[in-house]
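Participant: quick one, structure for this:
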Amino acid sequence: MSAFEIEHLASCITAHAWNADRSRVALCPNNNEVHIYAKQGTSWVVEHVLAEHDQLVTSIDWAPKTNRILTSSQDRNAYVWTFKDGQWKPVLVLLRINRAATHVKWSPQENKFAVATGAKLVCICFFEEEHDWWASNHIKKHKSTVLKVDWHPNNLLLATSSSDYKVRVFDAYIKKADGRNVTRPYGEVAFGEPVFEFDQCASWVHALKWSPSGSTLAYSSHDGVFAVANFSTNPPTIEKLRVRNLPLRDLLYITENSIAGVGYDCAPLLITNQNGWKYSGEMDKASEGGAAAGSETSARKLFQNKVDLGESKSTDKKLPTVHQNCITSIVPFKSVGGVVSDFSTSGLDGNIVVWHVKALEAKNKFKVI
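Facilitator: Below you'll find the predicted structure:
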């Protein structure tokens, strides 16, 4: 069995998301549109084009239970798309922002969602039945652009990462969405006030992700710092390490003790908890889709040759990795009980790659814990 399956669906992909049964994928081909592909035989074909946005689509999230697609864009808008009468119908979300929307995420119960923005705030959005629209409340405690958001499995806590070098955890309880009989994990915290704030990074915090159980929160920044906050204690304890590779753009818990990270090195890497979090190596080593053994061994070396040797020729060099450019996102493709057996990545090379964890372990001699 091959360790991966690759599909070239666009010249460049900025975001992608799967439906519940993985028969369709929504992606942005680096413009203002979202293309929905469906599997027909052995090929993927465009089934729908969502073109309501005016500028680049920055993020896509597809709710598995309600089958609603959530999109955000640099046009400062977000839409909730519902499939009805054979077409995807958009509903505009009242974000009330004056900068780009950078990232979106449905809550686990899909009764609300979060929108990160360049306006130094996060919109917590919920549906108002009386007005038949999606309204929003603002969390304003950030000092710069919010880059990523992620919900805790309890549907209440929200983690945010920002270009002000900080990670924050908020209680995002909304009475209209969550109801009254809800046990708040840290008591009656005022909406918009951070429960915890972490400042271990010295650069933009690109990526963050809660573990399946919600007991840990991993995040990574542009200066190569990778950190994990352990919430089994109050306040949480932080474990930090320096990643030897180029910065990470996104993270995914494969298990409670194994994290896959993707970014500018064009290959997924593995970080595992072995009596402490440690770098375990790249998950895509000299892969079948890569270049011959004599060519450059990484994106870093390719860039360094241009700097040191003054190369200016336009001839392309094929990297020894499956992805040929920065990987922008990683999402689970197949998982049971919080254990991911297959995951997918998309990148600026226009490829969507589905990786098989067991085959990767056998091929590259590493162990997911």
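Participant: alpha carbons only for contacts and neighbour counts from here, please
Facilitator: Noted.
Participant: where does the stretch 201-350 of the chain dip in pLDDT?
Facilitator: 286-306, 308-316 (pLDDT under 70).
Participant: try it again with 50
Facilitator: For the stretch 201-350 of the chain, applying pLDDT under 50 flags the ranges 287-297.
Participant: tell me where it has strands.
Facilitator: Along the stretch 201-350 of the chain, the stretches classed as strands by DSSP state E, counting those that start in this stretch are 205-210, 216-221, 225-230, 237-242, 248-255, 258-263, 269-273, 277-282, 327-336, 339-347.
Participant: mind putting these into a markdown table with distance to residue 43 and mean neighbour count?
Facilitator: What follows is the strands of the stretch 201-350 of the chain, written out as a markdown table (distance: least, Cα to Cα, whole Å; neighbours: other Cα atoms under 10 Å):
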| stretch | distance to residue 43 | mean neighbour count |
| --- | --- | --- |
| strand 205-210 | 32 | 26 |
| strand 216-221 | 35 | 25 |
| strand 225-230 | 38 | 21 |
| strand 237-242 | 41 | 14 |
| strand 248-255 | 27 | 25 |
| strand 258-263 | 26 | 24 |
| strand 269-273 | 29 | 21 |
| strand 277-282 | 29 | 18 |
| strand 327-336 | 18 | 20 |
| strand 339-347 | 17 | 21 |
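Participant: export those as a markdown table, with columns for distance to residue 30.
Facilitator: Output for the strands of the stretch 201-350 of the chain, formatted as a markdown table (distance: least, Cα to Cα, whole Å):
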| stretch | distance to residue 30 |
| --- | --- |
| strand 205-210 | 19 |
| strand 216-221 | 23 |
| strand 225-230 | 28 |
| strand 237-242 | 31 |
| strand 248-255 | 17 |
| strand 258-263 | 17 |
| strand 269-273 | 25 |
| strand 277-282 | 27 |
| strand 327-336 | 12 |
| strand 339-347 | 10 |
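Participant: mind checking which of those is nearest residue 2?
Facilitator: Proximity of these to residue 2 was assessed by Cα to Cα; the nearest stretch is strand 339-347, lying at 12.2 Å.
Participant: quick check: neighbours of the closest one in the sheet, parallel or antiparallel?
Facilitator: Paired strands of strand 339-347, with direction, are strand 327-336 (antiparallel), strand 351-356 (antiparallel) (DSSP bridges).
Participant: now it - C-alpha only, CSV.
Facilitator: The C-alpha trace of strand 339-347 is given here as CSV (Å, rounded to 0.1, in the frame of the first residue of the first chain):
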residue,chain,number,x,y,z
VAL,A,339,-7.0,8.5,16.7
VAL,A,340,-6.3,9.7,13.2
SER,A,341,-5.5,6.8,10.7
ASP,A,342,-5.4,9.0,7.6
PHE,A,343,-5.0,12.8,7.2
SER,A,344,-5.0,15.2,4.3
THR,A,345,-2.8,18.2,3.4
SER,A,346,-3.1,20.9,0.8
GLY,A,347,-0.5,23.4,-0.3
